[in-house]
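In: any chance you can model this:
(2 chains)
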Number of protein chains: 2
Amino acid sequence: MGEKIRIGIVGYGNLGRGVEHAITQNADMTLVSVFSRRDPASVQTLNGVPVHPLANISEFKNDIDVLILCGGSKNDLPEQGPAMAALFNTVDSYDTHAKIPEYFDAVNQAAESGGNVALISVGWDPGLFSLNRLFGEAVLPQGATYTFWGKGLSQGHSDAVRRIAGVKGAVQYTIPVNDAVDQVRSGSLPTLSTRQKHTRECFVVLEAGADAAQVEQAILTMPDYFADYDTSVSFITEAELKRDHAAMPHGGFVIRSGKTGQGSTQVIEYSLKLESNPEFTSSVLVAYARAVFRLSGQGQTGARTVFDVAPGLLSPKMPAELRKELL
Amino acid sequence: MGEKIRIGIVGYGNLGRGVEHAITQNADMTLVSVFSRRDPASVQTLNGVPVHPLANISEFKNDIDVLILCGGSKNDLPEQGPAMAALFNTVDSYDTHAKIPEYFDAVNQAAESGGNVALISVGWDPGLFSLNRLFGEAVLPQGATYTFWGKGLSQGHSDAVRRIAGVKGAVQYTIPVNDAVDQVRSGSLPTLSTRQKHTRECFVVLEAGADAAQVEQAILTMPDYFADYDTSVSFITEAELKRDHAAMPHGGFVIRSGKTGQGSTQVIEYSLKLESNPEFTSSVLVAYARAVFRLSGQGQTGARTVFDVAPGLLSPKMPAELRKELL
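Out: Now for the predicted structure:
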């Protein structure tokens, strides 16, 4: 197998810990170091891997083949993505869909200047779901694609509820509407409104003295996040929140339905059922880190997305092995 | 969009007709000609595309960008695959899994000598199912992959029944066992025997005077095809065969189930529900013909499989469009 691929992790939250775990499942990789903005002495890694200050990362330029960026899309990656791509080959899970084109351009410029490969927006959505949207419309050009999310905990929507005055803690679950999923699976190509596709379920812990009716109203009428959905709000205790809502399950479906020939109905469905959303995203990041290492080894430079990566590059197996075992 | 991609079809059965249909759904492609070993005057194409004798195909070297080979894996492709790859860029649906490595080598040599790209074993299995087996084990290295086929008409098994003495006509359906599928979907990683995964259902028309019991016994004990399965045999009339069993539905599932982190269960499922198996395979072939055209345009040569093709090459959309719309 030759030398192991040397990985670095930037940011050590749920995603960073998931990456550390995932690397232990891949015999051709080794984790060199975690980099954090926190005091390294305050960060304890799962397997005792050293932690260094992010500010010193350029000293590790010759020790790391691929850097996996585990920061958030809102505050971390817009700055870290380009900065790190100028120094290292990178993979990240940038997931602000509307801003992907400008993020791609910024990262591309930095990666080209540094002679590195930077793979952006890796995970399951964007990521594996995006691939299935692409395969679906390429194979069945006459048809429609539907993406459903859940049942799962949405970090962004949970955060939105937490920002409301009077809310001490909260989680939000996104739930696909079964009837809508069934219609799509039947191949009937329904037109579905936002409200018809998903419902939203909030579990909220109030601050002492907060007005429940007022908090509920603030949730139900919040534009973009809740106003266009059928949303339910339940008030629970802090103990219940910790006991019943600590897990981070998620998942969903991408369904492409189309017609071929004289009108044959064809349905393609890709679905994920995840007990841990961050651990799964981490596992996808690690598989794609292998592809980045290989693309860089071919002399490629610049930003890339999952659309640009030949699937065989994700596997530790050699092409002849893949043809024999998996084709 | 520039010049259209010029396609040729070799072999005009169900698959060839499906390709002709699929090309009409792709605005960036045009069908130049069908090539057949039959007398061209006896072949009527759906859209009036000209038919030429296969023997004269080398005269069309400058008129065709990609040739789609629509012959069978048993008798046609072992010879046609290498012969055509020496002259043209090709795509085929070679599906004899056990012989793929040797077929790849033969086609690779021919394609290299001719300076062409030859993409082999394209369709849904091998093809899209193979890709999902690869993605599954790359993303979840600790786990197991399960492939189920059906409910669908199996051409190979139907042919095997038809070869039995006393059989005038027959169809065979492969049916996944619901209980096995449910176990796999639960993430319990069951060990399943061949018999536990699929059942087989045969509908048989007897020749006049044939012995039903003898035919049934010949089916049930046929090694590889039926002996390892729970198989049912029903005798029907020729009229019933034509009326109830003319369609060619198929489909199936690839399920990868694995563990991450401290033991979170993650399940990935890819499923197809196809009203027409040959039309769907044709649609996959046509999308990959676009990728072959682009790979050849990059100056690549030699045999390839779906594992070697970056997904973005399948789409008529430009990379920036794909990032904006589908990522």
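In: can we go C-alpha only for contacts and neighbour counts from here?
Out: Will do.
In: tell me who's in contact with A:Ala320.
Out: B:Pro101 (Cα atoms under 8 Å, 6 or more residues apart in numbering or on different chains).
In: for it, report the pLDDT, please.
Out: As predicted, A:Ala320 sits at a pLDDT of 97.
In: buried ones in the helix or strand where it lies?
Out: Per DSSP states H and E: A:Ala320 is located in helix A:319-325. Across helix A:319-325, burial judged by 16 or more other Cα atoms under 10 Å in any protein chain shown covers A:319, A:322-323, A:325.
In: what of stretch A:197-214?
Out: Quick answer for stretch A:197-214 (16+ other Cα under 10 Å): A:197-206, A:212.
In: farthest-apart pair in these, please.
Out: Spanning the widest gap among the buried residues of stretch A:197-214 are A:Lys197 and A:Leu206, at 29.0 Å by Cα to Cα.
In: the lengthiest helix in chain A: how far from the chain's middle?
Out: Criterion DSSP state H: the longest helix present in chain A is helix A:277-297. Between the centre of helix A:277-297 and the centre of its chain there are 12 Å (Cα atoms, centre = their mean, to the nearest Å).
In: dump the C-alpha coordinates for that helix into PDB.
Out: The C-alpha trace of helix A:277-297 is given here as PDB (Å, rounded to 0.1, in the frame of the first residue of the first chain):
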ATOM      1  CA  ASN A 277     -25.400  13.000  10.900                       C
ATOM      2  CA  PRO A 278     -21.900  14.400  11.800                       C
ATOM      3  CA  GLU A 279     -20.200  11.000  11.800                       C
ATOM      4  CA  PHE A 280     -21.600  10.200   8.400                       C
ATOM      5  CA  THR A 281     -20.600  13.500   6.900                       C
ATOM      6  CA  SER A 282     -17.100  12.900   8.400                       C
ATOM      7  CA  SER A 283     -16.900   9.500   6.800                       C
ATOM      8  CA  VAL A 284     -17.700  11.000   3.400                       C
ATOM      9  CA  LEU A 285     -15.000  13.700   3.900                       C
ATOM     10  CA  VAL A 286     -12.400  11.100   4.700                       C
ATOM     11  CA  ALA A 287     -13.200   9.000   1.600                       C
ATOM     12  CA  TYR A 288     -12.900  12.100  -0.600                       C
ATOM     13  CA  ALA A 289      -9.600  13.100   1.100                       C
ATOM     14  CA  ARG A 290      -8.200  10.000  -0.500                       C
ATOM     15  CA  ALA A 291      -9.400  11.300  -3.900                       C
ATOM     16  CA  VAL A 292      -7.900  14.700  -3.300                       C
ATOM     17  CA  PHE A 293      -4.500  13.100  -2.500                       C
ATOM     18  CA  ARG A 294      -4.600  11.200  -5.800                       C
ATOM     19  CA  LEU A 295      -5.800  14.200  -7.900                       C
ATOM     20  CA  SER A 296      -2.900  16.200  -6.400                       C
ATOM     21  CA  GLY A 297      -0.500  13.400  -7.200                       C
END
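In: counting by contacts, list what that helix packs against.
Out: The contact analysis (3 or more Cα pairs under 8 Å, 6 or more residues apart in numbering or on different chains; DSSP states H and E) places helix A:277-297 against helix A:14-24, strand A:66-69, strand A:89-92, strand A:117-119, helix B:128-139, strand B:250-260.
In: which residues does the second one contact?
Out: So that's strand A:66-69. With Cα under 8 Å, 6+ apart, strand A:66-69 has contacts from A:5-11, A:77, A:80-81, A:88-93, A:285-286, A:289, A:292-293.
In: return the residues of the stretch 1-150 of chain A in contact with chain B.
Out: A:18, A:21-22, A:25-26, A:97-98, A:100-101, A:121, A:125-127, A:130-131, A:133-135, A:137-142 (Cα under 8 Å from any Cα of the partner chain).
In: can I get the buried part of these as one ChimeraX selection?
Out: Of the residues of the stretch 1-150 of chain A next to chain B, the buried ones can be selected in ChimeraX as follows, counting by 16+ other Cα under 10 Å:
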select /A:18,21,22,25,26,97,100,101,121,125,126,127,130,131,133,134,135,137,138,139,140,141
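In: excluding chain neighbours, what is closest to the residue in the stretch 201-327 of chain A positioned nearest to chain B?
Out: Residue nearest to chain B within the stretch 201-327 of chain A: A:Ala310 (3.9 Å; Cα to the nearest Cα). Closest residue to A:Ala310 apart from its sequence neighbours, by Cα to Cα, 6 or more residues apart in numbering or on different chains: B:Ala310 at 3.9 Å.
In: contacts only, for the one you found.
Out: A:307-311.
In: what domains does the record give for chain A?
Out: Domain assignment for chain A by the TED database gives A:5-124+A:278-321, A:128-275.
In: quick check: which of these is buried the most?
Out: With neighbours taken as mean count of other Cα atoms under 10 Å in any protein chain shown, the domains of chain A reach their highest mean count in domain A:5-124+A:278-321, at a mean of 20.
In: kindly check the end-to-end length of that domain for me.
Out: End-to-end span of domain A:5-124+A:278-321 (Cα to Cα, to the nearest Å): 20 Å.
In: then stretch A:268-287?
Out: First-to-last residue span, stretch A:268-287, Cα to Cα: 24 Å.
In: and stretch A:144-158, by the same measure?
Out: Terminal-residue distance, stretch A:144-158 (Cα to Cα): 30 Å.
In: give me the contact list for it.
Out: A:133, A:136-137, A:170-176, A:181, A:184, A:189, A:197-198, A:202, A:225, A:248-258.
In: change it to 7 Å
Out: Under the criterion Cα atoms under 7 Å, 6 or more residues apart in numbering or on different chains, residues A:133, A:170-176, A:189, A:225, A:248-258 lie in contact with stretch A:144-158.
In: kindly report the same for stretch A:178-192.
Out: A:144, A:196-197, A:257, A:265, A:267.
In: quick one: terminal-to-terminal distance for it?
Out: Stretch A:178-192: ends 13 Å apart by Cα to Cα.
In: residues in contact with A:Lys324?
Out: B:100-101.
In: one more time with 8 Å
Out: B:97-98, B:100-101.
In: moving C-terminal of the least confident helix or strand in chain A by mean pLDDT, what's the next helix or strand?
Out: Ranking every helix and strand in chain A by mean pLDDT, DSSP states H and E puts helix A:155-162 at the bottom, with a mean of 92. Going down the chain from helix A:155-162, the next helix or strand is strand A:167-176, by DSSP H and E.
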